[in-house]
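Chemist: how would this look folded up:
(4 chains)
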Protein chains: 4
Amino acid sequence: MIEAAAAAGKHVFAEKPISLELEPTVRAIEAAAGAGVKLQVGFHRRFDPDWAAAASRIRTGELGEVRFFRGSLRDMRPPSVEYVAGSGGFFVDVTIHDLDTARWLAGEIDEVTAFGAALGDPAYSEVGDVDHAVVAVRFANGALGVIDNSRAAGYGYECSAEVMGSAATVRIDRHRRANTEWLSEGRSSFDRVVDFVELFREAYFLELEEFAAAIREDRSPAVTGEDGLAAFVLAQACARSMREGRTVRLRREERGTGVAYELAEAA
Amino acid sequence: MIEAAAAAGKHVFAEKPISLELEPTVRAIEAAAGAGVKLQVGFHRRFDPDWAAAASRIRTGELGEVRFFRGSLRDMRPPSVEYVAGSGGFFVDVTIHDLDTARWLAGEIDEVTAFGAALGDPAYSEVGDVDHAVVAVRFANGALGVIDNSRAAGYGYECSAEVMGSAATVRIDRHRRANTEWLSEGRSSFDRVVDFVELFREAYFLELEEFAAAIREDRSPAVTGEDGLAAFVLAQACARSMREGRTVRLRREERGTGVAYELAEAA
Amino acid sequence: MIEAAAAAGKHVFAEKPISLELEPTVRAIEAAAGAGVKLQVGFHRRFDPDWAAAASRIRTGELGEVRFFRGSLRDMRPPSVEYVAGSGGFFVDVTIHDLDTARWLAGEIDEVTAFGAALGDPAYSEVGDVDHAVVAVRFANGALGVIDNSRAAGYGYECSAEVMGSAATVRIDRHRRANTEWLSEGRSSFDRVVDFVELFREAYFLELEEFAAAIREDRSPAVTGEDGLAAFVLAQACARSMREGRTVRLRREERGTGVAYELAEAA
Amino acid sequence: MIEAAAAAGKHVFAEKPISLELEPTVRAIEAAAGAGVKLQVGFHRRFDPDWAAAASRIRTGELGEVRFFRGSLRDMRPPSVEYVAGSGGFFVDVTIHDLDTARWLAGEIDEVTAFGAALGDPAYSEVGDVDHAVVAVRFANGALGVIDNSRAAGYGYECSAEVMGSAATVRIDRHRRANTEWLSEGRSSFDRVVDFVELFREAYFLELEEFAAAIREDRSPAVTGEDGLAAFVLAQACARSMREGRTVRLRREERGTGVAYELAEAA
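Modeler: Okay, here's the model as predicted:
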């Protein structure tokens, strides 16, 4: 579809991942570049006011040198096995968001090691997928990171991060449904955000505004096809790490409107 | 303007207070009623998702019997003396919101005692107004309440409340600008909401949707002219209490689409 | 007992109130002063690390000029009617703590207006007492304040305060039982402190250490008999305000190790 | 010293690690067992009220099946290089606490992968050590975990954890110095705990009470020599994982008063 749109001279806004396979991902990016149309990938988190506020303060140097990143993405309830079977796998479907956030807030990534497990519905194992994963990350700037993901957090939709720097630390977390606290019998409680639609309502508008602005101003959008490729290759690296029980290294080179990632080693 | 609009058969959405005087307030309500047009008063807080969530859970009886109400409305920085001089006075301009909220969340009001003080800009005293006030409230159902207001909280825009009941207690407070926490040198901090436009952006849309819905469905809007009158009379009662150094009692009677308030005693 | 101890040359640590009547209160203070023994009153809150931290930062001027005080003292469950009947009344038994805190954190008090109500057990009314009260306070420095108290908060033991100044604001509140958050089904919760013994365990040790230190160093203790008298007279003023439905003014004069309060008007 | 004490029939309370080497660790445990004296290891966190509250609710099954563990231990400021040179290395000195907590709250551990980096003082690299590390953990019950540690968090002393289960999730975190919130110019802040002495004051008393109770009641203490050995072997596994760039597996067998851990593979 992206190739067809590019051939027709249409700008493209694509949800992540661009494709479930590497080769069509690269082809789509090249088609858009060749046709001179914009290609923006739907990493909506980059447009959310909470996240954007943190990113902008990190960019001004308020954190100093980044030393540690943590990202947590967890769904409240698991999707159906049918959905999972066509999702490209846990890392491509879920972890990809934290991998993009890691690059955005802490820098390019050199190495990942991932552990995964199917802990809820056993049907997930039957389609060869997992519902929980943790990833250890080494950034090119020396910083370290961890990512944890779940399909079944139960308590709500968790989408949080922490970036620790030499001068300060920022956390984006504790997402409430309302600024309302409920107190009863020795307990104080608040309702949590339970799904991504609720949490990112504003971000979905803002990413489309950015897409329109990039077209209007004839400039590269804030999230490019290369960003989509990078997160996808990183997700594949996590999948391979889990499968082979070892650390996987990444290579990067400058290309087009961004950085092109690839696995440093043959499978 | 309301009378003219009513005469022309136009529905009316009016910001609070309906008027700075009692008599034109009553006349405006009667004009709208006589002409059969809708009259909604801009108590936007009633439409804010945080407040509406609390109100709706209170309505279902989750709090049990209401016993205590606290409302705090505080501006970050004081407005100009010119603004203040034409504002109708502190209670009519500021406290009126908490008086409406008190009625909405805790019930009708029998008595108020108010203390006021000009603690910041001395120019406020020159125009006969105050910039801080506290009000003790006695509700018809027996519950007690306190309201505190400030024109110069300094740290941000505070708009919070607490309702304590026999079964549970609810607080609407701790309004953050973003779900972002900043940590540095032994300190953890978050940015607060600093003005009402920022806090109530969604409420302003929703109150107009309610206005349109009330017209469309040919029903009384959720906030009526009588609600505007009630809060205005209560604000006047606070002003008199402060001026005369005594508790002021209110009288109410059922009228039109709501309850009509008046001072129980001659000035 | 205080007079007997003083006569025997013993230093005295007395729980609040010194007496349920004014005259023996004054006599006890004079007996201690005459005998040259120390007299410390058990306003333990002044020694609690949370409160002491706030007080010390207020003393350094970090708040600027104090403009507003709020104090909330609420028990989780009401005591027996037998206890209440011998307690000296709600204001002398409960509000007295917030009145002492108000003086300590915000300054001397000129005026109070109090509303009270018996909202829970009707037996309270039979012994002529209330179980909820709110007080509006005017401080000598111009600041305003509110106090709210309850015998039946239900959700836990609340002992919180806020002091708003021209430069900053401090809140002592949100007392948790543990730094532990519990998340389940769309909700995030923590356990609250449920009684004063639990909350002030450390303060009870520290106030006795202060008593010993005052004796050892032969100096006035941090909380004097005059502090006990002041809070007691203020509590009486609240009771009278409630009874007579009007604002009650206070007079003060410098005396002994502190300030002597008395009602400004005849009963 | 432990062997000498055991030979003299003295019960032993040992700080962690029992030794900087594996062989003397095992010898010390065997000496205590042979002499029939108690041996308790100083994992003080197990006695802290916050942590104990969480552990006890996890034990009752409130979490359901454990699926994810996160532990964060971070010092505010790095110790001297001299200290580090004699510390046994980052994992044995720092991570060992989170490894013990992981076993305590989530279960026995099968695999670890660790990344480390010297990001602050370059002198650390010269003595062959790191100042930051992340560890991915696979538990025997299938759960996954992450640990992150730092010698230089800057903002305070972080000692937090999260355990996510099929029924609920618990977090032990947000350690404040006081229940005091400070508000100024658009910001709300609280002071954080800055070192372990401050945070664990009560835990240090309670672990010694447990030691005395174990002797008095002639039973095994709550934290045994085998617990000390397990955390030490796990720390060594992390060090090897970092050094060799691969996942390290553990073996366990029932022994004495607990479980004996060893590396599953030759170096």
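
Chemist: buried residues in stretch A:125-136?
Modeler: For stretch A:125-136, burial by neighbour count (16 or more other CB atoms under 10 Å in any protein chain shown) applies to A:D129, A:V130, A:D131, A:H132, A:A133, A:V134, A:V135, A:A136. No exception for glycine: its C-beta is placed from N, CA and C like everyone else's.

Chemist: give me the low-pLDDT residue ranges for chain A?
Modeler: Chain A contains residues with pLDDT under 70 at A:256-257, A:265-267.

Chemist: near chain B, which residues of it?
Modeler: A:49-50, A:53-54, A:57, A:167-184, A:191 (CB under 8 Å from any CB of the partner chain).

Chemist: 6 Å instead?
Modeler: A:49-50, A:53-54, A:168-172, A:174-175, A:178-184 (CB under 6 Å from any CB of the partner chain).

Chemist: still on that earlier bit, tell me, which of the buried residues of stretch A:125-136 make contact with chain C?
Modeler: Among those, no residue is within reach of chain C (CB under 6 Å from any CB).

Chemist: now the residues you listed in TSV, with secondary structure?
Modeler: Shown next, in TSV, are the buried residues of stretch A:125-136 (DSSP: H, G, I helix; E, B strand; the rest coil):
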residue	secondary structure
A:D129	coil
A:V130	coil
A:D131	coil
A:H132	strand
A:A133	strand
A:V134	strand
A:V135	strand
A:A136	strand
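
Chemist: What's the ChimeraX line that selects buried ones from the residues of chain A next to chain B?
Modeler: Burial among the residues of chain A next to chain B is assessed by 16+ other CB under 10 Å; the matching ChimeraX selection reads:
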select /A:50,53,54,168,169,170,171,172,174,175,178,179,180,181,182,183,184
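
Chemist: Could you list which of the residues of chain A next to chain B also contact chain C?
Modeler: For chain C, the contacts drawn from the residues of chain A next to chain B by CB under 6 Å from any CB are A:L183, A:S184.

Chemist: element containing the residue nearest in space to the middle of chain A?
Modeler: In chain A, the residue lying closest to the centroid (CA atoms, centre = their mean) is A:H97, at 1.2 Å. A:H97 is located in helix A:96-106, with elements delineated by DSSP states H and E.

Chemist: What would that helix look like as PDB? C-alpha coordinates only.
Modeler: Extracted C-alpha coordinates of helix A:96-106, given in PDB (Å, rounded to 0.1, in the frame of the first residue of the first chain):
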ATOM      1  CA  ILE A  96       8.700  -1.800  19.300                       C
ATOM      2  CA  HIS A  97       7.100   1.200  21.100                       C
ATOM      3  CA  ASP A  98       9.600   1.100  23.900                       C
ATOM      4  CA  LEU A  99      12.500   0.600  21.500                       C
ATOM      5  CA  ASP A 100      11.400   3.700  19.600                       C
ATOM      6  CA  THR A 101      11.100   5.600  22.900                       C
ATOM      7  CA  ALA A 102      14.500   4.400  24.000                       C
ATOM      8  CA  ARG A 103      16.100   5.800  20.800                       C
ATOM      9  CA  TRP A 104      14.100   9.000  21.100                       C
ATOM     10  CA  LEU A 105      14.900   9.700  24.800                       C
ATOM     11  CA  ALA A 106      18.300   8.000  25.400                       C
END
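
Chemist: Give me the buried positions along the helix or strand following that helix.
Modeler: Where DSSP H and E defines the elements, the next helix or strand beyond helix A:96-106 is strand A:109-117. Buried residues in strand A:109-117, defined by neighbour count with 16+ other CB under 10 Å: A:I109, A:D110, A:E111, A:V112, A:T113, A:A114, A:F115, A:G116, A:A117.

Chemist: other SSEs contacting strand A:109-117?
Modeler: Strand A:109-117 is packed against strand A:132-139, helix A:225-244, strand A:248-255, strand D:132-139, with contacts defined by 3 or more CB pairs under 6 Å, 6 or more residues apart in numbering or on different chains; DSSP states H and E.

Chemist: just checking, what packs against the longest one?
Modeler: Translated: helix A:225-244. The elements that helix A:225-244 packs onto, with contact taken as 3+ CB pairs under 6 Å, 6+ apart, are helix A:22-35, strand A:39-41, helix A:96-106, strand A:109-117, strand A:248-255, strand A:258-263.

Chemist: One more: the third one?
Modeler: Contact analysis of strand A:248-255 by 3+ CB pairs under 6 Å, 6+ apart lists strand A:109-117, helix A:225-244, strand A:258-263 as its packing neighbours.

Chemist: Show me what the following helix or strand past the first one is packed against.
Modeler: Meaning strand A:109-117. Downstream of strand A:109-117, the next assigned helix or strand under DSSP H and E is helix A:123-126. If contacts are counted by 3+ CB pairs under 6 Å, 6+ apart, helix A:123-126 sits against no helix or strand.

Chemist: Repeat the analysis, applying 10 Å as the threshold.
Modeler: helix A:81-85 (3 or more CB pairs under 10 Å, 6 or more residues apart in numbering or on different chains; DSSP states H and E).

Chemist: how far away is the spatially most distant residue from the centre of chain A from chain D?
Modeler: Going by CA atoms, centre = their mean, the residue of chain A most distant from its centre is A:E185, 39.9 Å out. In this view, A:E185 and chain D are 16 Å apart by CB to the nearest CB, to the nearest Å.

Chemist: Check the burial of the closest residue to A:Y124 other than its chain neighbours by counting its neighbours.
Modeler: Setting aside the residues directly before and after it, A:Y124 is nearest to A:A118 in space (CB to CB, 6 or more residues apart in numbering or on different chains), at 4.3 Å. A:A118: 19 surrounding residues under other CB atoms under 10 Å in any protein chain shown.

Chemist: Hmm, A:A118 is touching A:S150, no?
Modeler: No - using CB atoms under 10 Å, A:A118 is not in contact with A:S150, being 11.5 Å away.

Chemist: Enumerate the residues of the stretch 151-267 of chain A near chain D.
Modeler: Within the stretch 151-267 of chain A, the residues that sit near chain D (CB under 10 Å from any CB of the partner chain) are A:152-156, A:158, A:162, A:164-169, A:174, A:241, A:244-247, A:249.

Chemist: which among those end up buried?
Modeler: Buried by 16+ other CB under 10 Å: A:152-156, A:158, A:162, A:164-165, A:168-169, A:174, A:241, A:247, A:249, out of these.

Chemist: So which of those are in strands?
Modeler: A:E158, A:E162, A:M164, A:G165, A:T169, A:R249 (DSSP state E).

Chemist: what's near enough to touch the last one?
Modeler: Listed by CB atoms under 10 Å, 6 or more residues apart in numbering or on different chains, the contact set of A:R249 reads A:I109, A:D110, A:E111, A:V112, A:R138, A:A237, A:S241, A:L263, A:A264, A:E265, D:G245.

Chemist: For it, list each beta-bridge partner.
Modeler: Going by DSSP bridges, A:R249 is paired in beta bridges with A:E111.

Chemist: tally of neighbours for A:R70?
Modeler: When neighbours are counted by other CB under 10 Å, A:R70 registers 25.

Chemist: and the strand or helix carrying it with chain C, contact?
Modeler: Counting by DSSP H and E, the element that carries A:R70 is strand A:66-74. No - Strand A:66-74 does not reach chain C (CB under 10 Å from any CB); its nearest approach is 10.7 Å.

Chemist: Tell me the strands beside that strand, with direction?
Modeler: strand A:144-150 (parallel), strand A:158-165 (antiparallel).

Chemist: Restricting to C-alpha, output the longest one in CSV.
Modeler: What it means is strand A:158-165. Extracted in CSV, the C-alpha atoms of strand A:158-165 (Å, rounded to 0.1, in the frame of the first residue of the first chain):
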residue,chain,number,x,y,z
GLU,A,158,1.0,0.9,31.9
CYS,A,159,3.0,3.1,29.6
SER,A,160,5.8,4.6,31.6
ALA,A,161,9.5,5.5,31.4
GLU,A,162,12.4,6.8,33.3
VAL,A,163,15.5,8.5,32.1
MET,A,164,18.3,9.0,34.6
GLY,A,165,21.1,11.4,33.8
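
Chemist: got the angle between that strand and strand D:132-139?
Modeler: The directions of strand A:158-165 and strand D:132-139 differ by 150 degrees, with axes from the mean of the first three to the mean of the last three CA atoms, to 10 degrees as the criterion.
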